[in-house]
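Undergrad: quick one: sequence and predicted model below, then my questions.
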Amino acid sequence: MNYINDYVEKNKERFFEELFGLIRIPSISSIQDHKPDMQKCAEYWRDMILQAGADKAEVMPTAGNPVVYGEKIIDPKLPTVMVYAHYDVMPVDPLELWNTDPFEPVIKDGKIWARGADDDKGQGFMHAKAFELMVKTDTLPCNVKFMIEGEEEIGSPSLGQWCENNKEMLKADIILVSDTSMIARDIPSITTGLRGLSYWEVEVTGPDKDLHSGLFGGAVANPINVLAKMIADMQDENGRITIPRFYDDVIEVSPQEREMLNKKPHSDENYKKAINVKALKGEAGYTTTERTGIRPSFDICGIWGGYTGEGAKTVLPSKAYAKISTRLVPNQDNVKISKLFKQHFEAIAPDYVKVVVTPLHGGQGYVCPIDLPAYKAAEKAYTDVYNKVPVPVRSGGSIPIISTFEEVLGIKSVLMGFGLEEDAIHSPNESYPVENFLNGIKTIPLFYKYFTEMMA
């Protein structure tokens, strides 16, 4: 490992500067005004892959934002690892809660602070630098392909068809992803499961115009009140989701598996302290680890309507809106769940309002078997760097495209994350520990080494 440590130490300042150039591009995929930034960010990634030593790299169009594809084929007979990452980021709102400019990265208190520092520019960038390290030190043991997309944060709507159209080009033995977290700085883990996702926007309409709340209040239904009641009724007193047939395909995890899952180091007290809440809430009969790993969830991601400006305006609004998501466990089909929710939510609407549910995006869950050669290689690589065997965990998050890769390309993915729960991805003041960034660059080349040996 000496050559790896030496290369990282010698080049780390340059690594930071190059990463910062990537972060400074505000590549927010959900906001149309940032469309030029998506192209700029893709071109930045292309140039980095080429500079790192790829034989070729190009920005390829899709129905949405472009995909960056690159490759280095040293011997067609050798295994091929395909790196997947995404260059798009979440919006930064509310901006006033940031302590620094979200697109002007700074290093402070041992962390990189910026939007995308962890998710997924920092984690994705580790792979470009690990690849560069292997090329420059003449230690690359196998073929490498890169697939870097710009729509992950909006559900990867264009990537599935792009993969379908480029199956031959995308042939590989494993897909390597860093877009997940570790248990703690000194406790590595490998994500073996991801929850699926269904996401909707709902619109509730009462009167055909905003009304005076004094003249009409008490006689006309307020759509915000109605929406709030409908949402509240979506879960019972035990935290179970009340959509009919929602749990039909949920596989009950065996007591033995639940016992293994709960061996993951976890403290409810520390968990509460980290997010500043007095108590936790979730489905009755399950631990916090189980609630976020093997059980589905239901959440309101945004709700609005009526007057929200400064001061008072006594108005009974015409419309109310909400954005709603469910996290799904493996074997739940996101398309089926999307239809079930739409049917149910529109059916329970009282006569005094009209309800329209619009599905936005979704994806299936994913499970990575721990007997895969790629899993074993990742396990060995983490152990070499951290001197601890990584813990297999099921994540509460979703990366919808991972299940699509398996369905369309027939390729499994291994999820080697280096982020931490405290990194505040998707939130103000996102960060990424410098130590984790550098350790990722050190760990990834060892994965290539051991995976190639295991596939021989």
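TA: Nice, thanks for sending it over.
Undergrad: quick check: the gap between the closest residue to Glu407 other than its chain neighbours and Ile175.
TA: Once flanking residues are discounted, Glu407 sits nearest to Gln364: 7.8 Å by CB to CB, 6 or more residues apart in numbering. Using the backbone N, CA and C atoms, a C-beta is placed for each residue, glycine as well. Distance, Gln364 to Ile175, by CB to CB, to the nearest Å: 15 Å.
Undergrad: just Ile441 next, same as before
TA: Note on Ile441: its distance to Ile175, by CB to CB, is 19 Å.
Undergrad: now do the helices in this protein.
TA: With helices called from DSSP state H, the chain shows them at 2-23, 35-52, 121-136, 159-165, 213-216, 223-232, 255-261, 268-275, 288-293, 334-347, 373-386, 400-404, 434-455.
Undergrad: out of those, which is closest to Met147?
TA: helix 159-165 (8.2 Å; CB to CB).
Undergrad: which residues are contacting the closest one?
TA: Helix 159-165 has contacts (CB atoms under 8 Å, 6 or more residues apart in numbering) with Met60, Thr62, Ala63, Val67, Glu149, Glu151, Leu170, Ile401, Thr404, Phe405, Val408, Leu409.
Undergrad: just stretch 249-259 next, same as before
TA: By CB under 8 Å, 6+ apart, stretch 249-259 touches Leu261, Glu290, Ile294, Arg295, Pro296, Val329, Pro330, Asn331, Gln332, Asp333, Lys336.
Undergrad: can you give me the buried ones in it?
TA: Buried positions in stretch 249-259, judged by neighbour count with 16 or more other CB atoms under 10 Å: Val253, Arg258.
Undergrad: low-confidence regions, this structure specifically.
TA: Of all residues in the chain, none has pLDDT under 70.
Undergrad: please repeat the previous calculation with a cut-off of 80.
TA: For the chain, residues meeting the criterion pLDDT under 80 lie at 257, 260.
Undergrad: quick one on the thing from earlier: and the contacts of stretch 249-259, which of them are buried?
TA: Leu261, Glu290, Ile294, Arg295, Pro296, Val329, Pro330, Gln332, Asp333.
Undergrad: for Glu379, state which of the residues you listed is nearest.
TA: Nearest member of the buried ones among the contacts of stretch 249-259 to Glu379, counting by CB to CB, is Leu261, at 17.4 Å.
Undergrad: excluding its backbone neighbours, what's nearest Ile187?
TA: Per CB to CB, 6+ apart, closest to Ile187 is Pro265, 6.0 Å.
Undergrad: was I right about that neighbour contacting Ala184?
TA: Yes: counting by CB atoms under 8 Å, Pro265 touches Ala184, with 7.0 Å between them.
Undergrad: these two: which is more packed in?
TA: Legend: neighbour count by other CB atoms under 10 Å for Pro265 and Ala184, higher for Ala184 (14 against 11).
Undergrad: who touches that one in this structure?
TA: By CB under 8 Å, 6+ apart, the contact list for Ala184 reads Pro265, Leu420.
Undergrad: so Ile444 touches Phe125, yeah?
TA: No: when contacts are counted by CB under 8 Å, Ile444 is not listed as touching Phe125 (11.2 Å).
Undergrad: what bridges to Ala184?
TA: Note on Ala184: beta-bridge partners Ile187, judged by DSSP bridges.
Undergrad: what is the burial count for Asp120?
TA: By other CB under 10 Å, 27 other residues sit near Asp120.
Undergrad: whoops, I mixed them up, Glu9
TA: By other CB under 10 Å, 11 other residues sit near Glu9.
Undergrad: and for Arg115?
TA: If we define neighbours as other CB under 10 Å, then Arg115 has 27 of them.
Undergrad: how about Asn270?
TA: Per other CB under 10 Å, the neighbour tally for Asn270 reads 10.
Undergrad: and what of Met454?
TA: Per other CB under 10 Å, the neighbour tally for Met454 reads 14.
Undergrad: for it, which non-adjacent residue is spatially closest?
TA: Computed as CB to CB, 6+ apart, the closest residue to Met454 that is not its neighbour in sequence is Pro373, at 4.1 Å.
Undergrad: ok, the closest residue in space to Val391 that isn't next to it in sequence - contacts?
TA: If the residues on either side of it in the chain are set aside, Val391 comes closest to Ser189, at 4.4 Å by CB to CB, 6+ apart. For Ser189, the contacting residues are Ser181, Met182, Ile183, Lys264, Pro390, Val391, Pro392, Val393, Gly417, by CB under 8 Å, 6+ apart.
Undergrad: hmm, Ser413 is touching Val177, no?
TA: Yes: applying CB under 8 Å as the test, Ser413 and Val177 come out as touching, 5.4 Å apart.
Undergrad: please enumerate the shared neighbours of those two.
TA: By CB under 8 Å, 6+ apart, the residues touching both Ser413 and Val177 are Tyr84, Ile402.
Undergrad: count the residues that sit near Asp33.
TA: By other CB under 10 Å, the residues close to Asp33 number 8.
Undergrad: got a list of what Tyr84 touches?
TA: Contacts of Tyr84 (CB under 8 Å, 6+ apart): Met147, Ile148, Glu149, Ile175, Leu176, Val177, Ile401, Phe405, Ser413.
Undergrad: switch to 10 Å and redo it
TA: Tyr84 sits next to 120, 124, 127, 145-149, 152, 159, 172, 175-179, 399, 401-402, 405, 411, 413, 415 when contact means CB atoms under 10 Å, 6 or more residues apart in numbering.
Undergrad: looking at those, which are in strands?
TA: Under the assignment DSSP state E, the contacts of Tyr84 contribute Lys145, Phe146, Met147, Ile148, Glu149, Ile175, Leu176, Val177, Ser413, Leu415 to strands.
Undergrad: now those residues in JSON lines, please, with extra columns for neighbour count.
TA: Shown next, in JSON lines, are those (neighbours: other CB atoms under 10 Å):
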{"residue": "Lys145", "neighbour count": "21"}
{"residue": "Phe146", "neighbour count": "26"}
{"residue": "Met147", "neighbour count": "26"}
{"residue": "Ile148", "neighbour count": "28"}
{"residue": "Glu149", "neighbour count": "27"}
{"residue": "Ile175", "neighbour count": "23"}
{"residue": "Leu176", "neighbour count": "25"}
{"residue": "Val177", "neighbour count": "27"}
{"residue": "Ser413", "neighbour count": "25"}
{"residue": "Leu415", "neighbour count": "26"}
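Undergrad: closest to His86 out of those?
TA: His86 has its nearest neighbour among the ones in strands among the contacts of Tyr84 in Glu149, at 5.1 Å by CB to CB.
Undergrad: bridged to the closest one, which residues?
TA: Beta-bridge pairing for Glu149 (DSSP bridges): His86.
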